[in-house]
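*Asks:* model this:
(one chain, ligands or ions: 1)
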Amino acid sequence: MSTDSASLDRVRREIDRIDDKIHDLLMERAGLVEKIAKAKAPDGVALRPGREAQVLRRLVERHKGSFPKQALVRIWREIMGALVGLQQPFVIAVYQPERGAGYIELARNHFGVVWPQIVHLTPGHVVRMVADAQASVGLVPIPGSHDVEPWWLALTSDAGNLPRVVARLPALADSVASGRAEPLEAFVVACREPEATGDDFTLVAVETAPDISRDRLRAAFTAAGMDVANLVATHRSDGVWRHLVEVPGYVAADDSRLADLVQTRDPVAHVRVIGGYAAPLPV
Ligand SMILES: C=C(O[C@@H]1C=C(C(=O)O)C=C[C@H]1O)C(=O)O
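*Replies:* Prediction:
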C-alpha cells in the first residue's frame, strides 16, 4: 500500500472516529430533549420557536471554517424538527397553490423529513386546521395588500386561543441557497404565544378609518413609541381598513404602547398583536 493511500486511510479512520462521536452526541441530545419533554408534560408545549431560533443564532455566530452555513442550519433544523415530534404528535399543515411545491419544500427544510405534512390549497384552511388543533403548526404565505384571501384577518379577532405567527421562514435568508430570483418566504402559525429571543419582529394589526396615509399610520406608531419596519399589508373593506404592521423588537400583547396607539388622536380604532418571530439569520 503506497504512503499516500496509507495516510488517506488514516484520515478516513479519523473521520469514522468523529462520526461516532457526532452520532453518540446526537443520541445524547435526544435523551436530554426527552427529559425536557417529561418536565414540560402533561400540558407543556413541545414547540419553542424562540428557543430554536436562539440555538441556531448561537451556532451561526460561533461558526468557523468552510462548512457552509446553509448546511449547518439545515442539519440543526432537521435535528430540532425531529425532536419536537418526539415530545408530542406533530403535524404540519402547509399552504401550497396548485402550481409548484415551494412551500412544501420550505416546510420540509424547516421541520425536517420525519413528521407528516397536510397540504392545502388555501392559507385560510391551514389557519383553521391549526385553530382546530388538527395540525400542530401551519405554513402560510407572507401577506400582501392584494391577497385574494387575507388569512391574517382571522387572527385579529378578540377570540381566545387563536393561532399566532411564531416564526418566519427560512430561518437563514435563502437568497443564495435556492437560486430563486425572489426567495420564497413564509410565516409559521401555531396556537401558542411568540417568544422574545433578543432579535425579533412583532406583527401588529390595526384598524383605521379609510384613506389613512402610510405616513400618517407610521406617525401614529412613532407617537406611541414604536418604530415601523414594514407596512406588510392593508385590507380595505367598507368603512374599515385593516393594516398589518411589522414592528422591530418584541412587543407583548399587553404592551402599554399598544393602548397608547389607540388613545392617540390618530384614527387607530383597534389593535391586536397577531404574532412575532426571530429575525432571520444573515447568510
Ligand atoms: C428541547 C426543547 O423542545 C424543542 C426542541 C428543541 C431542540 O431540539 O433544541 C428546542 C426547542 C423546542 O422546540 C425545549 O423546549 O427546549
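*Asks:* who touches the residue in the stretch 101-250 of the chain that the ligand sits nearest to in this structure?
*Replies:* Proximity to the ligand, evaluated over the stretch 101-250 of the chain using Cβ to the nearest ligand atom, is greatest for E195 at 9.8 Å. To be clear about C-beta, it is placed using only N, CA and C from the backbone, and glycine gets the same treatment. Residues in contact with E195 (Cβ atoms under 8 Å, 6 or more residues apart in numbering) are 48-51, 166.
*Asks:* For it, give me phi and psi.
*Replies:* phi -120, psi 150 (degrees, to the nearest 10).
*Asks:* Tell me the buried residues in stretch 137-151?
*Replies:* Residues 137-143, 149-151 are the ones in stretch 137-151 that count as buried (16 or more other Cβ atoms under 10 Å).
*Asks:* picking up where we left off before, give the buried subset of the contacts of E195 as a ChimeraX selection command.
*Replies:* To isolate the buried members of the contacts of E195 in ChimeraX, using 16+ other Cβ under 10 Å:
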select :48,49,50,166
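*Asks:* Listing request: residues of the protein with sub-threshold pLDDT.
*Replies:* Along the chain, segments meeting pLDDT under 70 span 1-3, 174-182, 264-266.
*Asks:* right, is the longest helix along it up against the ligand?
*Replies:* The longest helix of the chain (DSSP state H) is helix 3-40. Yes: using Cβ under 6 Å from any ligand atom as the criterion, contacts between helix 3-40 and the ligand involve 33, 36.
*Asks:* any idea how far that helix is from the chain center?
*Replies:* 29 Å (Cα atoms, centre = their mean, to the nearest Å).
*Asks:* For that helix, enumerate the helices and strands it packs against.
*Replies:* helix 69-87 (3 or more Cβ pairs under 8 Å, 6 or more residues apart in numbering; DSSP states H and E).
*Asks:* Just want the angle from the helix it packs on to helix 3-40.
*Replies:* With axes from the mean of the first three to the mean of the last three Cα atoms, to 10 degrees defining the directions, helix 69-87 sits at 40 degrees from helix 3-40.
*Asks:* just to revisit the earlier point, out of the contacts of E195, list just those in strands.
*Replies:* V166 (DSSP state E).
*Asks:* Pull the most distant pair out of the contacts of E195.
*Replies:* R51 and V166 (11.3 Å; Cβ to Cβ).
*Asks:* got the buried residues for the host helix or strand of I274?
*Replies:* I274 is part of strand 268-278, with elements assigned from DSSP states H and E. Neighbour counts using 16+ other Cβ under 10 Å place 268, 271-278 of strand 268-278 among the buried residues.
*Asks:* Which members of the contacts of E195 additionally contact the ligand?
*Replies:* Among those, the residues lying close to the ligand (Cβ under 6 Å from any ligand atom) are 48, 51.
*Asks:* Quick one: residues contacting the spatially most central residue of the chain.
*Replies:* What sits nearest the mean C-alpha location of the chain, by Cα atoms, centre = their mean, is A167, with 1.4 Å. Going by Cβ under 8 Å, 6+ apart, A167 touches 49, 52-53, 110, 187-188, 277-278.
*Asks:* run the last query once more with 6 Å
*Replies:* A167 sits next to 49, 188, 277 when contact means Cβ atoms under 6 Å, 6 or more residues apart in numbering.
*Asks:* nearest to H23, of the residues you listed?
*Replies:* Once Cβ to Cβ is applied, the member of the contacts of A167 that ends up nearest H23 is P49, at 26.9 Å.
*Asks:* That closest one touches R168, doesn't it?
*Replies:* No: at 9.6 Å, P49 does not count as touching R168 under the criterion of Cβ atoms under 6 Å.
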